[in-house]
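Visitor: Next input, structure requested:
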Amino acid sequence: MTILVTRPEPSASALVARLRQTGKHAWSLPLIDYTPGRGLGSLAQQLLSLHNGDLLFAVSHQAIRFAAPAIVQSNTAWPAGLDYYAIGRRTALDLHQASLQRVNYPEGRATSETLLNLPSLRELSGRRALILRGNGGRDLLADTLQQRGAQVELCECYQRIACQYRGAEEAVRWRRQGITTLVVTSGEMLQLLYSLFPAIDRREWLLHCRLVVVSERLATLASELGWHSVTVADGADNDALLRALH
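Guide: Residues are numbered from 1 along each chain as shown. This is a model prediction of the structure:
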């Protein structure tokens with residue numbers, strides 16, 4: 001098994017290092033990078049406008065990575081009277097460490113769907129919800145919260161930027177390395193990976209690789225793009241990916 005990890009840094013290099021420690025051949029090819037979002041300047045005011053019983057959501061640890069310093073810089077405290085939620089254990093831990101508040105998160109897969117299954121989110125009439133997120137992305141969380149009665153606001157805490165590569169050169173490089181397994185952790189990265197390489201390399205090599213993804217939604221997208229061997233990890237963190245790769 002020769003593995004190519006496409007998730008962003010520093011997670012990509014960390015996973016590659018752990019794989020190599022177990023004797024596996026692994027390399028990284030990050031497909032996206034992160035920069036500060038356009039909403040950070042208004043985040044402090046958005047927080048101050050929330051009241052006891054309102055809700056705050058973090059969709060990823062990247063949201064906290066950029067939001068927490070912005071809040072410190074604005075000399076604003078995370079409100080104590082809110083209900084805090086995060087998608088996944090890692091994001092919940094980051095949010096707790098930043099806010100010192102109790103953070104709710106779903107057990108199992110770190111997805112919007114599992115978060116929305118929490119009983120405390122079934123009825124939200126009259127409550128406001130602030131979602132810390134990146135540019136673009138899925139609207140399922142915001143749309144569902146609105147359908148359940150919440151008044152939803154968004155804060156773009158980070159932007160995803162596609163890394164630039166020469167597809168034909170990368171195809172030669174990774175085919176020579178004998179890559180047979182690909183690790184992809186988002187739909188955006190899956191589309192970027194598929195589009196990066198020339199059609200002949202997709203047909204002859206890329207679509208024949210085993211693909212490790214982090215949700216059934218991604219597995220379905222991968223099948224639609226033409227992959228036949230798809231494994232769904234039991235989470236999106238490096239520990240879960242290691243289990244899937246072993």
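
Visitor: From here on, just use CA atoms for contacts and neighbour counts.
Guide: Will do.

Visitor: Paired strands for the strand of greatest length in the chain, with orientation please.
Guide: Longest strand in the chain, counting residues (DSSP state E): strand 151-162. Sheet pairing of strand 151-162 (DSSP bridges) gives strand 32-36 (antiparallel), strand 128-134 (parallel).

Visitor: With respect to residue 174, which of those lies nearest?
Guide: The minimum distance between residue 174 and the strands paired with strand 151-162 falls on strand 32-36, with 18.1 Å, by CA to CA.

Visitor: which parts of that closest one are buried?
Guide: Residues of strand 32-36 classed as buried by neighbour count (16 or more other CA atoms under 10 Å): 32, 34, 36.

Visitor: cool, stretch 195-206 as well?
Guide: 196-197, 201-202, 205-206.

Visitor: would you say residue 106 is within a helix?
Guide: No - according to DSSP: H, G, I helix; E, B strand; the rest coil, the state of residue 106 is coil, so it is not within a helix.

Visitor: Might you report the residue contacts of it?
Guide: Residue 106 is in contact with 87-89, 114-115, 118, counting by CA atoms under 8 Å, 6 or more residues apart in numbering.

Visitor: just residue 31 next, same as before
Guide: 6-8, 162-164, 189, 192-193.

Visitor: Let's see that with 10 Å instead.
Guide: Residues near residue 31 by CA atoms under 10 Å, 6 or more residues apart in numbering: 5-9, 160-165, 184, 188-190, 192-193, 196.

Visitor: Okay, the residue nearest to the spatial centre of the chain and residue 137: tell me how far apart.
Guide: With distances taken as CA atoms, centre = their mean, residue 60 lies nearest the centre of the chain, 5.6 Å away. Remark: distance between residue 60 and residue 137 (CA to CA, to the nearest Å) = 11 Å.

Visitor: Could you do residue 18 as well?
Guide: Residue 18 sits 29 Å away from residue 137, going by CA to CA.

Visitor: neighbour-wise, which of the two wins?
Guide: Legend: neighbour count by other CA atoms under 10 Å for residue 18 and residue 137, higher for residue 18 (15 against 12).

Visitor: What is the helix or strand containing that one packed up against?
Guide: Assigned by DSSP states H and E, residue 18 falls within helix 11-21. Counting contacts by 3 or more CA pairs under 10 Å, 6 or more residues apart in numbering; DSSP states H and E, helix 11-21 is packed against strand 2-5, strand 25-28, helix 238-245.

Visitor: of all the ones you listed, which lies closest to residue 45?
Guide: Per CA to CA, nearest to residue 45 of the helices and strands packed on helix 11-21: helix 238-245, 34.6 Å.

Visitor: Residue 164: neighbouring residues, count only.
Guide: What residue 164 shows, counting by other CA under 10 Å, is a neighbour count of 10.

Visitor: Make sure it is actually in contact with residue 195.
Guide: No - when contacts are counted by CA atoms under 10 Å, residue 164 is not listed as touching residue 195 (11.9 Å).

Visitor: Would you mind listing the buried residues in the longest helix anywhere in the chain?
Guide: As assigned by DSSP state H, the longest helix anywhere in the chain is helix 61-73. Residues of helix 61-73 classed as buried by neighbour count (16+ other CA under 10 Å): 61-68, 70-71.

Visitor: quick revisit: what subset of the contacts of residue 31 is buried?
Guide: Listed as buried from these are 5-9, 160, 184, 188-190, 192-193, 196; burial here means 16+ other CA under 10 Å.
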